[in-house]
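>>> Turn this into a model:
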Amino acid sequence: MTERRVVHEEPGVNPFTIPYEAFKKEMVTRLGIDQYVSAEIYTMAIHRGVLDMAALKRLPSRDGLKEAIRGALVFPTPTLARVKEGDGVVKFTLRLHDGHEVEAVVLPMMHHYTLCVSSQVGCRRGCLFCTTAKMGFVRDLTSTEILEQLYAAAHMLKYPIRNIVFMGMGEPLDNFDAVTRAITIMSDQRGFDIPLRRITISTVGSIKGLDALAVSKISAVNLAVSIHGGTNEVRSSLMPVNRKEPLEQLVAALCRYPFARKGALFAEYIVIEGVNDGREDARSLVEVLSPLSVRYNLIGFNAGPDAPFPSTRTEAVERFRDLLVERGVFVRIRASKGRELVAGCGQLGRVAKG
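Here you go, the predicted model:
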C-alpha cells in the first residue's frame, strides 16, 4: 500500500494585520527576499490595497518569484453590510465572522478625512448618554477587525484617511492589547504612515488603562477624556465609572501621564440642557481640571432611539462655551456631523447575530 504524503500549506501573510518587522521576517523566511524588497511590497500593499508586480522596482530577477509572492500574500475581505451617506459623512457597517456588526464613520474635515473606528461590539461602561451602552458588552474586537475598518474606508470606499479617532463603539482602553497593536500598525511609516499625533483615543478615563498607556510605545497619541461633569455628583449620574474612580483620581492619573506635547489632552464634554450646562458647572469643571493643560471640546447631545434627554440646541452649547471662555480656557465646539444618519457622537450602536 502506497503511503500518501499530506502537504500542509502555510496560510498567507496579511500585511494589514502585522507590523512591518514581522512581515519582513515572514518574507525572508518564506521567499528569501531582503528587507528592501519586503519594505516595498509592504508599502505598496497597504497604500494601494493591491499588489502591482510591474510597479515593484527592487524585485530581483528570479524564476517563479512573482508567483511565490502572490501566493504568500492575502488581503483583507471585510463584509461591508451597509453604507449610508449624508452631509459629507459616511457611516458604514462591517459584518464580522460571527455575525456581529460594528459601525465606523468617515468624517470630512477642512483638508482631510478622519475615520472614527470602533474597538468593541457594545460596551460595558454604561454611560447614560451613549447608544452603544444600551447594547451592553458583547465582545472585544481583534486588532485585525479594527484594522479592517481602516482597510474598508481607504480601499473599499476610497477615502484618503489622514486622522484616526477611537470614538466609535466601545471603550478602547478596555481592549488595550488589540487597540495598541492596531495603532502600532497604523502608525508604521512603511505602511499606513498615520503619525501618533494624528491618532486620538477617546476614553471614559480608566485609570488602569491610562497608566498602562503611559508606559507603552504609543503614549504620544492624543487623549480625549470624557468628563461631562465638573463635580462627582453630576459626572457619576451620567458615567458609572466615576463612582469607582472619581474626578480627583482621574485628574491625578492624567497628571502622571507623560504627554509628548502640549495640546495632546482634550476634555470631551457633552452638553445636556438642564443637567450640566449651568454657570456653576462651568466653574467646577475649570477648577477640577486646572492642574492640567487641557483643551475643551464641547458636543451637543445627540438623541438616539429612546434617549434619556432631547438633542441639545446649538444656542445652549454656545452659551456654555461662553461661560468657559470667561474663565480663560481654550474651547471649541465640535460640529454634530452625521446626526441625521444616527452617526453622531454617542449614537453608534448596532448589533446583529446569525
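>>> number of nearby residues for the closest residue to Asn232 other than its chain neighbours?
Excluding the flanking residues, the one nearest Asn232 by C-beta to C-beta, 6 or more residues apart in numbering is Pro246, at 4.8 Å. C-beta coordinates here come from the backbone N, C-alpha and C atoms, glycine included. Taking other C-beta atoms under 10 Å as the criterion, the count of residues near Pro246 is 15.
>>> Quick check, Pro246 in contact with Thr231.
No - judged on C-beta atoms under 8 Å, Pro246 makes no contact with Thr231 at a distance of 9.6 Å.
>>> Could you list the domains of this structure?
The chain is divided into the following domains under automatic domain parsing: 20-72, 79-341.
>>> got the contact list for the residue nearest to Asn232?
Asn232, Arg235, Ser236 (C-beta atoms under 8 Å, 6 or more residues apart in numbering).
>>> is it true that the first one touches Glu245?
No - Asn232 is not in contact with Glu245 according to C-beta under 8 Å; the separation is 10.2 Å.
>>> Buried subset of the contacts of Pro246, written for ChimeraX?
Provided next is the ChimeraX selection string for whichever of the contacts of Pro246 are buried by 16 or more other C-beta atoms under 10 Å:
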select :235,236
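>>> Out of the contacts of Pro246, flag the one nearest to Met44.
Nearest to Met44 among the contacts of Pro246: Arg235, at 47.8 Å, using C-beta to C-beta.
>>> now the strands for the stretch 1-150 of the chain?
79-86, 89-95, 101-108, 113-116, 120-122, 137-140 (DSSP state E, counting those that start in this stretch).
>>> Can you give the strand pairings for the fourth one, parallel or anti for each?
The sheet places strand 113-116 alongside strand 101-108 (antiparallel), strand 161-166 (parallel), with pairing taken from DSSP bridges.
>>> Buried deepest among those strands, which one?
strand 101-108 (a mean of 23; mean count of other C-beta atoms under 10 Å).
>>> From Arg295, how far off is Phe330?
5 Å (C-beta to C-beta, to the nearest Å).
>>> Look at the two and report which has more neighbours.
More crowded of Phe330 and Arg295, by other C-beta under 10 Å: Arg295, with 16 against 13.
>>> Would you mind measuring from that one to Asn163?
16 Å.
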